[in-house]
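Novice: Got a predicted structure plus its sequence, pasted below:
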Amino acid sequence: MPDPLTTSPFVPAPSVSMTLAEAMARPIGPGRLRETVTYMECHQSPEETPPPLPAGVALERHAGTLTWADFGPLFHAVGDPWLWRDRLLWTQPEIDAHMADPRIVIHVLVRDGQRMGFCEMDRRAPADGFAVLYFGLVPDAIGGGLGRALFGHALADAWAGAPVCIRLNTCTHDSPRALAFYQTHGFGAVDRRVTETDDPRLTGLLSPEAGAGIPLAPLMERPPALRTS
């Protein structure tokens, strides 16, 4: 008998956003990943100052001064384990324009001369709120407090721009500690939705080795769920 994991058709399709109730009523299509996204906001800068940077650690602040050729390797090193994919769907002109915009501020954490993580923030609309687009560390830097230092300093710099709030989102394919981490920085959940998208390892957007902790989406329809199991 043919194996449905390898013989079912996979037809790439656009991403879909749905409510939790819709996700529990809708089967997961072949080759698709599903994740619950928590949308968060912070409306007040923290009273405490960011923790000091450890010895040998520095922050680079870039505002329209990085190119994708320079930044892309760090983006992949941080994001591939979590299957960050949306930026990779942009055209080269879109990426170039984004990277050149001085209102896109990227704090890069450097340890002993090596780039270890970054926080990228969209600061184009203070009246609507700034948005954390991406934040993370390379795998070898996780767990030693560097993320807290990086995020704290990036937030302090952002609040100096007087935004009405700072927004971000995290999902169930991020680190399991991400939600609590953001809550300790004053962020609260304002909405939750479910996103379903093609597995980027099946479309060739990312290598098969990316996202080692996230199961490859099987090529068969699966029962409704809030995330990939």
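Specialist: Arrived safely, thanks for sending.
Novice: mind giving me the domain ranges of the protein?
Specialist: 1-43+165-229, 45-164 (automatic domain parsing).
Novice: which one of these has the lowest average pLDDT?
Specialist: Per-segment mean pLDDT for the domains of the chain reaches its minimum on domain 1-43+165-229, at a mean of 91.
Novice: what helix or strand does residue 107 sit in?
Specialist: strand 104-111 (DSSP states H and E).
Novice: What helices and strands are in contact with that strand?
Specialist: With contacts taken as 3 or more CB pairs under 8 Å, 6 or more residues apart in numbering; DSSP states H and E, strand 104-111 sits against strand 57-63, strand 114-122, helix 146-159. In this view, the C-beta of every residue, glycine as well, is placed from N, C-alpha and C.
Novice: Give the burial count for residue 115, as a bare number.
Specialist: Residues near residue 115, counting by other CB atoms under 10 Å, number 18.
Novice: so who does it touch?
Specialist: 74, 108, 109, 138 (CB atoms under 8 Å, 6 or more residues apart in numbering).
Novice: Do a quick rundown of the helices in the chain.
Specialist: 4-7, 20-23, 68-79, 92-100, 146-159, 178-184, 200-203 (DSSP state H).
Novice: closest to residue 123 out of these?
Specialist: Nearest of the helices of the chain to residue 123, taken as CB to CB: helix 146-159 at 6.7 Å.
Novice: what sits up against that closest one?
Specialist: Here helix 146-159 has contacts from 42, 45-46, 49-54, 57, 59, 61, 105, 107, 109, 111, 116-119, 121, 123, 130, 132, 135-137, 141, 166, 181, 185, using CB under 8 Å, 6+ apart.
Novice: now swap in stretch 46-58 and tell me
Specialist: Applying CB under 8 Å, 6+ apart, the set of residues contacting stretch 46-58 is 59, 109-112, 145-146, 148-149, 152-153, 155-156, 185-186.
Novice: let's see 7 Å
Specialist: The contact list for stretch 46-58 (CB atoms under 7 Å, 6 or more residues apart in numbering) reads 59, 109-112, 146, 148-149, 152-153, 156, 185-186.
Novice: buried set for it?
Specialist: 50, 53, 57 (16 or more other CB atoms under 10 Å).
Novice: for stretch 62-73, same thing?
Specialist: Of all the residues in stretch 62-73, those buried under the rule 16+ other CB under 10 Å are 62, 66, 68, 71.
Novice: cool, and stretch 213-225?
Specialist: In stretch 213-225, the ones that count as buried by 16+ other CB under 10 Å are 214, 217, 218, 219, 220.
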